[in-house]
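Visitor: need a structure here:
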Amino acid sequence: MDLIQVLMDVLFPIFLIFGIGVLLGKTKNPDTRSIAHLSIYILLPSLVFTTFIDRDVLGSLAVIGVFVVGFTGILYIISLTACRLLNLEKTVESAFLLSVLFTNSGNYGVPLCTFAFGEEGTISALAYMMYGSIIMYTLAVYIASRGKSSFKESFLNVFKIPLIYAVVIASLISSLHVEVPSFVGKSVGLLGSAAIPVCMVLLGIQLCNTHMNKDFKSLLLVNILRLGLSPLIGVALTSLMGIEGVLRSILIVECSMPTAINSVLIAIEFDAEPGFVSSAVLTSTIASIGSLTVLLLFLT
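Guide: Predicted coordinates for the structure are as follows:
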């Protein structure tokens, strides 16, 4: 891809739909929680099911899982070291870690990988999102709560993620060669086709309600770690693991996405400086136009 292709075929379509979400949020102020529930519990599991139903993905799922855990562990050590050097307060440290460690792999990463890498991009990005969700419901909740919620309670939240069940059911049906009734397949397929655009509009709605925090020094460091260091770690880790081809590119892109919008929801829930995390989401999403353009030019 050249610069014009990256901008016109990948990033501009995505940000146009984000813009529609921002406009909808400004004019109608819809209930984002209801839309998020629709997306998380119905649309995304339907997309995962229809995407994985006819494919043997267990091998690639294992590789992606190892990568996500390894990447998060490395970045956690670096981010925690940065927090200690900056001598941040406990709540600010939690917000900093939430902003750096967890990426918007779903409603930004999935469409980006779809536009950039086609059907294979969708499959691998959905798998990455599933693992990211598992870590989000364990490590992120633990970081945000810091004594307000037990690790056991956080871990049990993993089993509330319907994406996992969609992958398991689809894999079983595929391996056992079970034929899905056509009316079920068509219904689930229609729901799945709505998942990506709804997620993108939802992100736009959420961004329009974001306000800037004035801790510019820490925000700058968050953006450097999230958008600058993360792809370097991704390149090193994929090389160490021997991952090549399109999967390598997808993993590097996904780990280089801006701060996850769900980090804000967790920060609000546990009062972990949600204003700071919101600012990280806003600034990293805007800055990602430049960082992801450069990254996609490098990878493609």
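Visitor: which helices and strands sit right next to the longest helix along the chain?
Guide: Criterion DSSP state H: the longest helix present in the chain is helix 58-86. Using 3 or more Cβ pairs under 8 Å, 6 or more residues apart in numbering; DSSP states H and E as the contact criterion, the neighbours of helix 58-86 among helices and strands are helix 90-101, helix 119-135, helix 216-223, helix 230-241, helix 245-255. For every residue, glycine as well, the C-beta is placed using N, CA and C.
Visitor: If we use 6 Å, what do you get?
Guide: Using 3 or more Cβ pairs under 6 Å, 6 or more residues apart in numbering; DSSP states H and E as the contact criterion, the secondary-structure elements in contact with helix 58-86 are helix 90-101, helix 119-135, helix 230-241.
Visitor: Any chance you could list what contacts stretch 292-300?
Guide: Here stretch 292-300 makes contact (Cβ atoms under 6 Å, 6 or more residues apart in numbering) with M1, V6, A116, P231, S249, S256.
Visitor: now, among those, which is nearest to L97?
Guide: Sorting those by how near they are to L97, with Cβ to Cβ, puts S256 at the top with 17.7 Å.
Visitor: Neighbours of the closest one, how many?
Guide: 25 (other Cβ atoms under 10 Å).
Visitor: wait, doesn't it sit right on L229?
Guide: No - in this structure, S256 sits apart from L229 without contact. The criterion is Cβ atoms under 6 Å, and the distance is 9.4 Å.
Visitor: is it true that V246 touches E120?
Guide: Yes - the pair formed by V246 and E120 meets the contact definition of Cβ under 6 Å, at 5.3 Å.
Visitor: hang on, the earlier thing: can you give me the offset of the longest helix of the chain from its chain's centre?
Guide: Relative to its parent chain, helix 58-86 has a centroid offset of 14 Å by Cα atoms, centre = their mean, to the nearest Å.
Visitor: Let me know the secondary structure of L88.
Guide: L88 carries the three-state label coil when classified by DSSP: H, G, I helix; E, B strand; the rest coil.
Visitor: mind checking pLDDT for the closest residue to it other than its chain neighbours?
Guide: Spatially, and ignoring its direct neighbours in sequence, L88 is nearest to F96 (6.1 Å; Cβ to Cβ, 6 or more residues apart in numbering). The model reports F96 with a pLDDT of 94.
Visitor: Report the contact partners of T91.
Guide: Taking Cβ under 6 Å, 6+ apart as the contact definition, T91 lies against A272, E273.
Visitor: measure it to S218 for me?
Guide: Distance of T91 to S218, computed by Cβ to Cβ, to the nearest Å: 12 Å.
Visitor: re earlier: okay but the residue nearest to L88 is in contact with A82, surely?
Guide: No - proximity of F96 to A82 does not meet the contact threshold set by Cβ under 6 Å, at 7.5 Å.
Visitor: Those two: which has the busier surroundings?
Guide: Per other Cβ under 10 Å, whichever of F96 and A82 has more neighbours is F96, with 28 against 20.
Visitor: Quick one: name whatever helix or strand follows the lowest-mean-pLDDT helix or strand in the chain.
Guide: Across the helices and strands of the chain, mean confidence by mean pLDDT, DSSP states H and E is lowest for helix 151-156: a mean of 65. Note on helix 151-156: by DSSP states H and E, the next helix or strand toward the C-terminus is helix 162-176.
Visitor: by how many degrees do that following helix and helix 58-86 diverge?
Guide: Angle, helix 162-176 to helix 58-86, by axes from the mean of the first three to the mean of the last three Cα atoms, to 10 degrees: 160 degrees.
Visitor: How far off centre is helix 162-176?
Guide: Using Cα atoms, centre = their mean, the mean C-alpha position of helix 162-176 is found 21 Å from that of the whole chain.
Visitor: List the contacts of that helix.
Guide: Y41, P45, V48, F49, F52, I53, M130.
Visitor: Kindly provide the distance from S39 to G290.
Guide: As it turns out, when the distance is counted by Cβ to Cβ, S39 lies 28 Å from G290.
Visitor: If we ignore the residues flanking it in sequence, what's nearest L225?
Guide: Going by Cβ to Cβ, 6+ apart, L225 has V100 as its nearest residue, at 4.8 Å.
Visitor: and if you look at S133?
Guide: Once flanking residues are discounted, S133 sits nearest to I161: 5.1 Å by Cβ to Cβ, 6+ apart.
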